[in-house]
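J.: predicted model, plus sequence, below.
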Amino acid sequence: MSTTFQLDTATSRATPTPQPMRRLTVPKIRQRKKDGVTERPLVMLTAYTARQAQLLDEHCDLLLVGDSLAQVIYGLPSTIPVTLEMMANHAAAVVRGSYHSVVIVDMPFGSYEASPRQAFESASRLLKESGAAGVKLEGGAAMAETVAFLTERGIPVMGHVGLTPQAVNVLGGYAARGRSDAEAEKIVGDAKALDEAGAFAIVVEGVVEPIAISVTEGVSCPTIGIGASAQCDGQVLVCEDMLGMFERVPRFVKRYEEMAEVISRAAATYAAEVRDRSFPGEAQTYQPK
């Protein structure tokens, strides 16, 4: 039986444990869409740590190590400052903490746009250092040559069209895309170009719903929506948004928990017990035998 390094929750250490099932593969994800239809939608969430991956893994088909870690982990104003080293380190942690989901890692801004060769060097480094199954890159038709170059050399690629956060300085913000006929036509064209280039799936972010549906119907590979449509072949959310870790809630996010309140409440209780000396108590201290 194969093994994988997972967190042992009894010891909080990574130890070799039996792998209870075979990990999903990129071809299996691609094959979920047959004759233009995905009967069982794909589930994807972001993950950045081994323990987070361990908790999400059994519920997801894919775990995305997103460059959104810029904001949710590092407190940066955008995804632009993210480095290859940051992505590789977090992706390796997520791979160690999972056994079932396909792990995909975002290629950071500036690591792939210059040329297909630059993209291959960056992507191969990410996969070598992390063990992830594939990479995700932003951009449409302009990236088709790069997607083909990577795919032909054994690197699975997930595309990303519509609202592309790495291009925020050009787009002028995070508003929904596809409201004009020209922009809508470009988004659909971008998705088709990535599909034809060999992308195994395409994230469709922040576009008006009819355009998301047109993209989904127009490509052979699965689409994964975020701020798009339930008619996409799957969905993704930033885990911290879904869990209510931040006050701001983007329109496309549904909060399934209020974890910020839970953490704050627990910290407040701990602080009070430390200050009134009720913690640690007898159960948490070592007494003479």
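T.: Yep, it's here.

J.: part of a helix, is G189?
T.: Yes: the assignment for G189 is a helix, going by DSSP: H, G, I helix; E, B strand; the rest coil.

J.: who's in contact with it?
T.: By C-beta atoms under 8 Å, 6 or more residues apart in numbering, the contact list for G189 reads G140, A141. No exception for glycine: its C-beta is placed from N, CA and C like everyone else's.

J.: with Y112 instead?
T.: Contacts for Y112 were tallied using C-beta under 8 Å, 6+ apart; they are Q118, A119, S122, A123, L137, M143, T146.

J.: and the gap between it and G234?
T.: Distance, Y112 to G234, by C-beta to C-beta, to the nearest Å: 23 Å.

J.: if we can go back for a sec, want to try JSON lines for the contacts of Y112, with secondary structure as columns?
T.: Compiled in JSON lines, these are given as follows (three-state DSSP):
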{"residue": "Q118", "secondary structure": "helix"}
{"residue": "A119", "secondary structure": "helix"}
{"residue": "S122", "secondary structure": "helix"}
{"residue": "A123", "secondary structure": "helix"}
{"residue": "L137", "secondary structure": "coil"}
{"residue": "M143", "secondary structure": "helix"}
{"residue": "T146", "secondary structure": "helix"}
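
J.: and the gap between the spatially most central residue of the chain and E217?
T.: Nearest residue to the geometric centre of the chain (C-alpha atoms, centre = their mean): L64, 2.3 Å. Here L64 is placed at a distance of 24 Å from E217 (C-beta to C-beta).

J.: ok now stretch 272-281, how far from the chain's centre?
T.: In terms of C-alpha atoms, centre = their mean, to the nearest Å, the centre of stretch 272-281 is set 40 Å apart from its chain centre.

J.: gap between the two ends of it?
T.: End-to-end distance of stretch 272-281 (C-alpha to C-alpha, to the nearest Å): 13 Å.

J.: ok, back up a step: which of the three states applies to the residue nearest to the centre of the chain?
T.: Recorded secondary structure, L64: strand (three-state DSSP).

J.: tell me what it is bridged to.
T.: Counting by DSSP bridges, L64 forms beta bridges with T46, I104.

J.: residue contacts, it?
T.: With C-beta under 8 Å, 6+ apart, L64 has these contacts: M44, L45, T46, A47, I104, V105, D106, K136, V236.

J.: now the fourth one: how far from R275?
T.: Think A47. According to C-beta to C-beta, A47 stands 35 Å off from R275.

J.: which one of the two has more residues nearby?
T.: Between A47 and R275, counted using other C-beta atoms under 10 Å, A47 has the larger neighbour count: 30 against 9.

J.: contacts only, for that one.
T.: Per C-beta under 8 Å, 6+ apart, neighbours of A47: A53, L56, L63, L64, V65, V94, G97, S98, C239.

J.: nearest to A197 among these?
T.: Of all the contacts of A47, A197 sits closest to L64, with 20.1 Å by C-beta to C-beta.

J.: distance of the closest one relative to L45?
T.: Counting by C-beta to C-beta, the gap from L64 to L45 is 7 Å.

J.: what do you get for V102?
T.: Distance, V102 to L45, by C-beta to C-beta: 12 Å.

J.: could you do V157 as well?
T.: V157 is 20 Å from L45, where distance means C-beta to C-beta.
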